[in-house]
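Colleague: Turn this into a model:
(chains A and B)
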Amino acid sequence: MTMQLRRRWSRWWDTFNIYHKHSLWGLAFVLPGVLFFIIFAYYPVLRAAQLSLTDYNLLSPPRYIGLGNYQFIFQEGSRFYKALVNTFEFVGGYAIPMWILALALALIFTQDFRGRGVYRTLYFVPIVLSETVISIVWRLIYHPQGIMNAAVAPLTGGVKIPWLTDSNIAPIALIIVAIWRVFGYYMIIFITGLQNIPGEYYDAAKVDGANRWQVFRFVTMPLLRPTTVFVVVITLLNGFQSFVYQFLITRGGPNDATTTLGYLIYEEAFPNLNMGRAAAISMVLFAMLIVLTFIQLYLLRQRYDT
Amino acid sequence: MDTTQELGSYTVGRGRVVTGASRRQRILSALGFHAVMMIGALIICVPLIWMVSSSLKAPNRLFSVPIEWIPYEFRWQNYVEAWNRAQFARYFFNSIYTSVATTLLNLFFCSLVGYGFAKYRFPGRNVLFLLILATMMIPFHVVIVPLFILMRDLGWLKGASVYNALIIPGMMSAFGIFLMRQFIQTLPDELFDAARIDGASEIGTYLRIVLPLSKGPLAALAVFIFLDTWNSLLWPLVLTTTNDDYRTVAVGLTTFQTVHGTQYHLMMAASTLVAIPMILVFFVLQKYFIRGIALSGLKG
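Modeller: As a prediction, this is how the structure comes out:
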């Protein structure tokens, strides 16, 4: 054990000596980055963990209350549970259709056709606008007398759908906005991924007489896996943190139907000044996202290997 | 990836058409295809068209039936009125200032740190790089409360020092460092050796070799960071709840909505004012933007 340690140390020292000057420059270049992330990422995470054990309203000093905040949020029927369920519904409802749409469009856009660039640009425009602007515009669109109801009137026979005031419909309304804004972005990522697949694979599949579905299933899907992993991880991470639509379009309502974890953390922390409780919820969110990411990476890697 | 060139001079279905398919069938399938694509494009654009159209209407014509796509009468004064109801000039200044500063800081630091990781060997390099990369996993919601308290303790919530709080926590991005490192790694080592033989200092190599050769990824990163900062809402919202003078356009628009929420014609005018610069930036820098996205997807 000590031998091993000593050997490791001497190897470290050798590397250090050989590259002495060079090493110091490298360290100097990366040092601002390391310090920055310690101060603005690692320290706040630890501080959040600590705050989650306190009762703190920013005005009087934090008071240690043990697991009190966690007990509070895990009470039966708490807003936290409701927000948790809403968050999963939002993420599932937005991510899965969005992946399918983005991938399908990417497959179309890697073919040649007239006007490809124009369509691609148009499909991409919403991502440029901020979620803020988009939320405000969609509030008007979802107005009972707005154009959304005019558009669905032939299907509903003129019955006005209360898009934002019905607790069953409002979550769907937000999902539509979320998909509408970002699918163009992930479409571009899928297009890049598809373009990076070497053409020889397709030629080989054609020689073997594969049909279109088989090409997609056994050539495109496996070779697109790195891109897919990236898209899945990023969309889920973003989805679980969704805040702006819930804040600007519905204010978490009606009746907490669109209160997601991202919105609840904001509400507890800033208008309500329950810093400790907000920190506790954020720690649960963090733990969930870490577990989720590892599960995804594990599953996706495993299937890749076989 | 190019965006506008090589737009096919081909027709749809090329290579897919079964031999013997008549010309008429091919034209029909092309028509059907374009019809679907155009409906898609329309669904995408209608909300934006509606925003501009509503911004020019009189309040009593907003919900007129049948739908008025082109306003009955163009009410340009909506824009004047919206502009005067809040400090939009200040909001724009604040947004431009914080976005430009954040972007420049990111370009400098991400390329510097990325260069350190890409072309130098030192003990602990991989650990430190992973340490930075791992922060991409930290949700902003986790750090927002402690960061806010940190800003308060530093005295950055009062007066003009709010700019520090708006800019400094975003002055580097793990993604940017990753992007720059990946790119700089592909630059040939001989280039750096040659520069050293010619007596260039380490900083000189960074300034005269790394920066000029990284223009492409730097441009992509710039577009990315700029839009991200311009569009961000949660952090500036929290910092300027009681400080109207330092609100960015996103926050200004949010508070405008709380105050004038039902006056949709003014809301739409304000939204259009905020959206136009973004759309212009996008169309001018589209190439870099799309390249940035493409780069971001390559890391998987």
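
Colleague: The residue minimising distance to the centre of chain A: which element?
Modeller: Nearest to the geometric centre of chain A sits A:Asn238, at 1.7 Å (C-alpha atoms, centre = their mean). In the assignment (DSSP states H and E), A:Asn238 maps to helix A:225-240.

Colleague: before we move on, what about B:Tyr163?
Modeller: Following DSSP H and E, one finds B:Tyr163 within helix B:162-167.

Colleague: which other residues reach that helix?
Modeller: Outside helix B:162-167, the residues that touch it by C-beta atoms under 8 Å, 6 or more residues apart in numbering or on different chains are B:94, B:97-98, B:101-102, B:105, B:151, B:154, B:156-157, B:235-236, B:239-240, B:243, B:246, B:248. In short, each C-beta sits where N, CA and C put it, glycine included.

Colleague: let's see 7 Å
Modeller: B:Tyr97, B:Thr98, B:Ala101, B:Thr102, B:Met151, B:Trp156, B:Leu157, B:Pro236, B:Leu239, B:Thr240, B:Asn243, B:Tyr246 (C-beta atoms under 7 Å, 6 or more residues apart in numbering or on different chains).

Colleague: Next, count neighbours for the closest residue to B:Thr135 other than its chain neighbours.
Modeller: Nearest non-adjacent residue to B:Thr135, counting by C-beta to C-beta, 6 or more residues apart in numbering or on different chains: A:Ala41, 4.1 Å away. Using other C-beta atoms under 10 Å in any protein chain shown, the number of residues around A:Ala41 comes to 22.

Colleague: so what's A:Ala41 up against?
Modeller: A:Ala41 makes contacts with B:Thr135, B:Ile138, B:Val143, as judged by C-beta under 7 Å, 6+ apart.

Colleague: Give me the pLDDT for the last one.
Modeller: So that's B:Val143. pLDDT, the model's per-residue confidence, is 94 for B:Val143.

Colleague: For the host helix or strand of it, give me every contacting residue.
Modeller: Assigned by DSSP H and E, B:Val143 falls within helix B:140-153. Contact with helix B:140-153 is made by A:41, A:44-45, A:47-48, A:51, A:241, A:262, A:265, A:269, A:275, A:278-279, A:282, A:285-286, B:157, B:165, B:169, B:234, B:238-239, as judged by C-beta under 7 Å, 6+ apart.

Colleague: if you set the cut-off to 6 Å instead, what comes out?
Modeller: Applying C-beta atoms under 6 Å, 6 or more residues apart in numbering or on different chains, the contact partners of helix B:140-153 are A:44-45, A:47-48, A:241, A:262, A:265, A:269, A:275, A:278-279, A:282, A:286, B:157, B:165, B:169, B:238.

Colleague: need the residues of the stretch 101-250 of chain A near chain B, please.
Modeller: A:112-114, A:116-117, A:119, A:122-123, A:128-130, A:132-133, A:136-137, A:140-141, A:145, A:147, A:150, A:188-189, A:192, A:226-227, A:229-230, A:241, A:243-244 (C-beta under 6 Å from any C-beta of the partner chain).

Colleague: Please list only the buried members of the residues you listed.
Modeller: A:113-114, A:116-117, A:119, A:122-123, A:128-130, A:132-133, A:136-137, A:140-141, A:147, A:150, A:188-189, A:192, A:226-227, A:229-230, A:241, A:243-244 (16 or more other C-beta atoms under 10 Å in any protein chain shown).

Colleague: how does chain B divide into domains?
Modeller: Under the assignment automatic domain parsing, the domains of chain B span B:1-55, B:82-297.

Colleague: Could you say which of these is packed most deeply?
Modeller: domain B:82-297 (a mean of 19; mean count of other C-beta atoms under 10 Å in any protein chain shown).

Colleague: Let me know the pLDDT of the residue sitting nearest the centre point of chain B.
Modeller: In chain B, the residue lying closest to the centroid (C-alpha atoms, centre = their mean) is B:Leu227, at 2.2 Å. The model reports B:Leu227 with a pLDDT of 85.

Colleague: helices or strands up against whatever helix or strand it lives in?
Modeller: Assigned by DSSP H and E, B:Leu227 belongs to helix B:215-231. Counting contacts by 3 or more C-beta pairs under 6 Å, 6 or more residues apart in numbering or on different chains; DSSP states H and E, helix B:215-231 packs against helix B:88-119, helix B:174-185, helix B:286-297.

Colleague: how about 10 Å then?
Modeller: For helix B:215-231, the packing partners by 3 or more C-beta pairs under 10 Å, 6 or more residues apart in numbering or on different chains; DSSP states H and E come out as helix A:131-141, helix B:88-119, helix B:174-185, helix B:249-260, helix B:264-284, helix B:286-297.

Colleague: Report the inter-axis angle for the fifth one versus helix B:215-231.
Modeller: Helix B:264-284 runs at 170 degrees relative to helix B:215-231, counting by axes from the mean of the first three to the mean of the last three C-alpha atoms, to 10 degrees.

Colleague: what distance separates helix B:264-284 from the centre of its chain?
Modeller: Centre-to-centre, helix B:264-284 and its host chain are 14 Å apart (C-alpha atoms, centre = their mean, to the nearest Å).

Colleague: at contact distance from chain A, anything in that helix?
Modeller: Yes: judged by C-beta under 10 Å from any C-beta of the partner chain, helix B:264-284 comes into contact with chain A through B:264-265, B:267-268, B:270-275, B:278-283.

Colleague: Between the two ends of stretch A:52-67, what distance do you get?
Modeller: Length of stretch A:52-67, first residue to last, C-alpha to C-alpha, to the nearest Å: 8 Å.

Colleague: For it, buried residues please.
Modeller: A:Ser52, A:Leu53, A:Thr54, A:Asp55, A:Tyr56, A:Pro62, A:Ile65.

Colleague: Output the below-cut-off pLDDT ranges for the stretch 201-306 of chain A.
Modeller: A:300-306 (pLDDT under 70).

Colleague: I'd like to know how far A:Pro271 sits from A:Ala278.
Modeller: Going from A:Pro271 to A:Ala278 by C-beta to C-beta, to the nearest Å gives 11 Å.

Colleague: Between those two, which has more neighbouring residues?
Modeller: Shown here are A:Pro271 and A:Ala278; by other C-beta under 10 Å, A:Ala278 has more neighbours (27 against 9).

Colleague: Contact partners for that one?
Modeller: Counting by C-beta atoms under 10 Å, 6 or more residues apart in numbering or on different chains, A:Ala278 makes contact with A:48, A:51-52, A:56, A:69, A:264-270, A:272, B:141-142, B:144-145.

Colleague: Setting aside sequence neighbours, what's the nearest residue to it?
Modeller: Sequence neighbours aside, A:Ala269 is the residue nearest to A:Ala278 in space, at 3.6 Å (criterion: C-beta to C-beta, 6+ apart).

Colleague: And for B:Gln185?
Modeller: Closest residue to B:Gln185 apart from its sequence neighbours, by C-beta to C-beta, 6+ apart: B:Ala118 at 4.4 Å.
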